[in-house]
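[1] my questions are about this predicted structure, shown below with the sequence.
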Amino acid sequence: MHKEYKKAMENLSLSDSDKARILANVKKACESGESQTSGTILPMPRPRFSPRHIAATAAAFAVILASAALIRIQFTGENNGDDMPGTAATANPAEVIVWEELDSIDDIEKKTDCKTYTLGNLSRGYKVRKVQVAKEQKHVKITYRNEEKKDRILFEYKEEENASDVTEQFAEETELAMEKVGDSDVKMYGAEKCDAMTWQKESTTFAVRMSKARTTEQAKKIVSETREKKPGEGADKNDQTDRPENTFRPELVSNAVGWTGDESETSAAERKAILRKIYNRLGFRVTVVRPAQKVSYKQVGDFESFAFYYKEDEELAGRRIIGYAGWEGCPKGVMKGYEEFETISAGGLHAEIYRNEAGEELLAFVKQGISFTILIEGWTGENASNVLAEIISVLRISMDSGEVEEEEEETPEEEAEAERVAQCQEAVQKLQDAVAEGSLKKMAAFGEFPVSIKGSGETMSIGSSKEFQDLNSAAIFTSDWVDAVVSYNTDKITADTKTFTMGDSDNSLTCKIKNNSVVFTELYVSGVAATPTATPLEE
């Protein structure tokens, strides 16, 4: 635009007589001490513009209008780019902000004096699609997108403590919670879930806006994994800005001892021989069953090792999973650089999560007395409990010395039945998720009304979804009841299952299979003083 303006201005000119007349008027005004409007001014003849003058003047006027529009954008933050609603930059009216779009995250270090921060705890599907920098203000915006989830995350930071143009963009929004993450107080915004947040760290102000809201725990994890990229450090794994889609090849997961990455799927004959050899040495064998795909087996020292892909889960799709099974621990080197991070559970099984400096995580758990260590390519711990449940669902442990049976192809009827069971198990998992979140609204979607609530008093009958949602959630979602329900192992659901109860005698949720899904009909919550009427529990 600067070049266009300069070119247009070069086309504007005044005749010598016009210049002399203007200078004479200025000189006369100065000598008389009077303004031009009160003195005698030499007459200005009617201007005569050639077509060339008119075109140049029009061009200059257009440039001025465009410049005014640009300045308005700089001061109001209005634009039609990737910035999401509510993230417009505000500025001191005397300060002109010039945003420059860079080719990649690496260019922040190469072309500016700004620090480089990235969001570390994003699944593989999120890619950096836009990087903007205001160099003078040391203000950076990075847009992440997940095309499959139709989700977009705008991450921005400014190297200024309590930068108002970063924090005040959420002033009109509902404050959801204030959470402590490390040394930072994170202010979260949203209705029931978090869709935006701000925090301070190392004299820098950060903000994140998400097009799809997350739970506070998920949001906290995003904050905890925000990290500074040090000078000379390798490219960010999510950065695909202005790069061809096919230039990124999945790498073998870190610390995959005994694997090179070029192994092919184990054939039926090879599988039989390897598993027999493993049993003869270890006294057990682990088989990876469908819907796992491209399964490979190896013996690594005193451990059975296996690799496979699992496309049924969004978080695992496209990631190579490598596991080790032994009587204790794992092969030397598998846990190099990893430290214990947290404990999770799924289907009644507890697992330890370990994390390394790159933010990668692995799972370690014991099932039927066998120690398992699971490495997942590029996984940073998202939806950990669900990931654990999916993985253990395809692992079969055998202590039987008999021959390894050949896997037979399923008939169309068997495949349809397996699909129906999988749908029911998935529905149960979603109901458990609603219970874990403490959401009466989500639970109500699975109710077959009227439903019964029992406790220390008489039975309460709840006639509708609305009536259920009006209940006192604190009285329903007691810690004992939630733990009892969510620990139910969905593998217990088979093709013959008609009704089932999640929980125990004191805390339970009774359900039945209906139309390849699940509905609940009765809750038993220990300690709830139910009444015979359908009156909601009082707050």
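    Good, I have the coordinates. Residues are numbered from 1 along each chain as shown.

[2] by mean pLDDT, which helix or strand of this structure comes out lowest?
    One helix or strand of the chain scores below all others by mean pLDDT, DSSP states H and E: helix 2-10, with a mean of 52.

[3] host element of the residue most central in space within the chain?
    Taking C-alpha atoms, centre = their mean as the criterion, Leu122 is the residue nearest the geometric centre of the chain, at 4.8 Å. Secondary structure assigned from DSSP states H and E places Leu122 in neither a helix nor a strand.

[4] hmm, Asn162 and Thr204 touching each other?
    No: using C-beta atoms under 8 Å as the test, Thr204 is too far from Asn162 to be in contact (10.3 Å). C-beta: built from backbone N, CA, C; applies to glycine.

[5] between those two, who's got more neighbours?
    Relative neighbour count places Thr204 above the other of Thr204 and Asn162, with 19 against 11, counting by other C-beta atoms under 10 Å.

[6] dig out what the more buried one forms beta bridges with.
    For Thr204, the beta-bridge partners are Lys201 (DSSP bridges).

[7] so who does it touch?
    With contact set as C-beta atoms under 8 Å, 6 or more residues apart in numbering, Thr204 has these partners: Lys115, Tyr117, Tyr157, Lys158, Glu159, Glu160, Glu161.

[8] who touches the residue nearest to the centre of the chain in this structure?
    Taking C-beta under 8 Å, 6+ apart as the contact definition, Leu122 lies against Tyr144, Ile153, Ile222, Asn238, Thr380, Glu382.

[9] strands - which of those land there?
    Tyr144, Ile153 (DSSP state E).

[10] need the contacts of Leu122 in a markdown table (columns: neighbour count, pLDDT and distance to Glu136).
    Written out in a markdown table, the entries for the contacts of Leu122 read as follows (neighbours: other C-beta atoms under 10 Å; pLDDT from 0 to 100; distance: C-beta to C-beta, whole Å):
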| residue | neighbour count | pLDDT | distance to Glu136 |
| --- | --- | --- | --- |
| Tyr144 | 22 | 90 | 25 |
| Ile153 | 20 | 92 | 25 |
| Ile222 | 22 | 87 | 28 |
| Asn238 | 23 | 58 | 27 |
| Thr380 | 20 | 81 | 34 |
| Glu382 | 18 | 81 | 36 |
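
[11] using JSON lines, lay out the contacts of Leu122 together with distance to Ala444.
    Supplementary listing: those in JSON lines, determined by distance: C-beta to C-beta, whole Å:
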{"residue": "Tyr144", "distance to Ala444": "33"}
{"residue": "Ile153", "distance to Ala444": "30"}
{"residue": "Ile222", "distance to Ala444": "29"}
{"residue": "Asn238", "distance to Ala444": "37"}
{"residue": "Thr380", "distance to Ala444": "33"}
{"residue": "Glu382", "distance to Ala444": "27"}
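
[12] helix/strand/coil for Glu270?
    Assigned state for Glu270: helix (three-state reduction, DSSP: H, G, I helix; E, B strand; the rest coil).

[13] report pLDDT for it.
    pLDDT recorded at Glu270 is 86.

[14] give me every residue that touches it.
    Tyr297 are the contacts of Glu270 under C-beta under 8 Å, 6+ apart.

[15] equivalent analysis for Lys180, please.
    Contacts were defined as C-beta under 8 Å, 6+ apart; by that measure Lys180 touches Val186.

[16] am I right that Lys441 is in a strand?
    No: the assignment for Lys441 is helix, going by three-state DSSP, so no strand is present there.
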